[in-house]
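Student: need a structure here:
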Amino acid sequence: MKKGLDTIVIALGGNAFQTKGDRGVAEDYWRNAYTAAELIARLIEENYGVVVTHGNGPQVGIIAEWMSLGLKEKNIPPMPLDVAGAMSQGWLGYMLQQALYNKLAEKKLLGSKVRGVLTIITQTLVNRNDPAFNDPTKYIGPWYSKEEAEKLSRELGWVFKPDPRGGYRRVVPSPDPIGQIEIDAIKMLVEQGFIVIADGGGGIPVYRDENGLLHGLEGVIDKDLGAERMASALKADVLLILTDIEKAFLNYGTPNAKPLDVVKVSEALKYYREGHFKPGSMGPKILAGIRFVQNGGKMAVIAHLKQAYEALKGNAGTRIIPD
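Tutor: Residues are numbered from 1 along each chain as shown. All right, here's what the predicted structure looks like:
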């Protein structure tokens, strides 16, 4: 980033773009993209440096369903999850890129504070023998009733689990990210004054073979864990994780639920190890925040997309800070 600026990596949740209850039509996506763009433009006005990433859980699942069900009768073969992940990066990247360009243009910030906005299709290195491939935990796709989930499981062999938000969703392997293949290009473009949208959906999971060549894998990387790797590599000051939940809770979903406002990294690690945060949901967000602060970040924030600015200023969400 430009010298002297506080750098924020904003991780927009795939669920923030299609909140439970949205119909999933293009108008929903554009509305949510412009909500995010308004926040980002406000931060640019206040002289923050910004890098953007986003989730793709609902969207990559929708793509997989389109290909597996919608094309079945026409005998068109579906694509694997790594290809679906690349498709979702283009889909959401395009919407964010246009919405943000338009907001910056309206505020006359293009050319004065930023040179432009662009999306990078990003590959993320993982271990091909990661144990996550034997234990799917990452939610993708829309919400189903128990009966619908059981039917799809019989027909397609998909694995479903209850979602903490309600209903059932498909789960797929989510290997731990090592780092982005394109990180040097991201750094260069950021240093030259561009707003970069990168590592969408945590990046496309790839591994290196014995000759150093890259190959895709069937899985979806958690976008928050991917965002932490990118934020730490960029030496960002703040990791801002935005979703459709207002903050983290201890004992979530029980009568003893307790909201977390400000928590030291050692406390967050203790709570994480005690199992307060579910895998595939709040767990990766807390783990990403822990890793980021442990790697030198000033603060990690978890908040609802619509309360993002207030959370950054300390008036909403959950903040993880150094001890």
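
Student: list the residues that contact the residue nearest to Asp135 when sequence neighbours are not counted.
Tutor: Excluding its sequence neighbours, the residue lying closest to Asp135 (C-beta to C-beta, 6 or more residues apart in numbering) is Pro173, at 7.4 Å. Any C-beta I mention is one placed from the backbone N, CA and C, and that applies to glycine too. By C-beta atoms under 8 Å, 6 or more residues apart in numbering, Pro173 lies in contact with 130, 132-138, 218-220.

Student: let's verify the residue nearest to Val126 when sequence neighbours are not counted: helix, strand, or coil?
Tutor: In space, and not counting its chain neighbours, Val126 is closest to Pro175: 4.0 Å by C-beta to C-beta, 6+ apart. Reduced to three states with DSSP: H, G, I helix; E, B strand; the rest coil, the structure at Pro175 is coil.

Student: just checking, Pro175 touches Asp130?
Tutor: Yes. Counting by C-beta atoms under 8 Å, Asp130 is a contact partner of Pro175 at 3.8 Å.

Student: who has more neighbours out of these two?
Tutor: Pro175 (25 against 19; other C-beta atoms under 10 Å).

Student: ok, the contacts of Pro173 vs Ala149, which is closest?
Tutor: The shortest gap between Ala149 and any of the contacts of Pro173 belongs to Pro136, at 13.7 Å (C-beta to C-beta).

Student: leaving out chain neighbours, which residue sits closest to the closest one?
Tutor: Pro136 sits nearest to Val171 (C-beta to C-beta, 6+ apart), 4.4 Å away.

Student: got the contact list for the strand or helix carrying that neighbour?
Tutor: In this structure, Val171 sits in strand 168-172 according to DSSP states H and E. Residues outside strand 168-172 that contact it (C-beta under 8 Å, 6+ apart) are 61, 64, 81, 136-146, 148-149, 152, 158-163, 218-220, 280.

Student: from these, which ones fall inside strands?
Tutor: 138-144, 159-162 (DSSP state E).

Student: one step back: who wins on neighbours among the contacts of Pro173?
Tutor: Val220 (32 neighbours).

Student: what's near enough to touch it?
Tutor: 56-57, 60, 81, 85, 138, 140, 172-174, 201-202, 205.

Student: ok, 10 Å please
Tutor: By C-beta atoms under 10 Å, 6 or more residues apart in numbering, the contact list for Val220 reads 14, 55-57, 60-61, 64, 81-82, 84-85, 88, 136, 138-140, 171-175, 201-205.

Student: same check on Asn251?
Tutor: Shown in contact with Asn251 (C-beta under 10 Å, 6+ apart): 257-258, 276.

Student: quick check: pLDDT value at Glu218.
Tutor: Per-residue pLDDT puts Glu218 at 88.

Student: I misspoke; the intended subject was Asp28.
Tutor: So, for Asp28, pLDDT stands at 88.

Student: that one and Pro78: what is the separation?
Tutor: 25 Å (C-beta to C-beta, to the nearest Å).

Student: who has more neighbours, these two?
Tutor: Set Asp28 next to Pro78 and count neighbours by other C-beta under 10 Å: Pro78 wins out with 18 against 15.

Student: okay but that one is in contact with Ile63, surely?
Tutor: Yes. Pro78 lies in contact with Ile63 (C-beta atoms under 10 Å); the separation is 9.2 Å.
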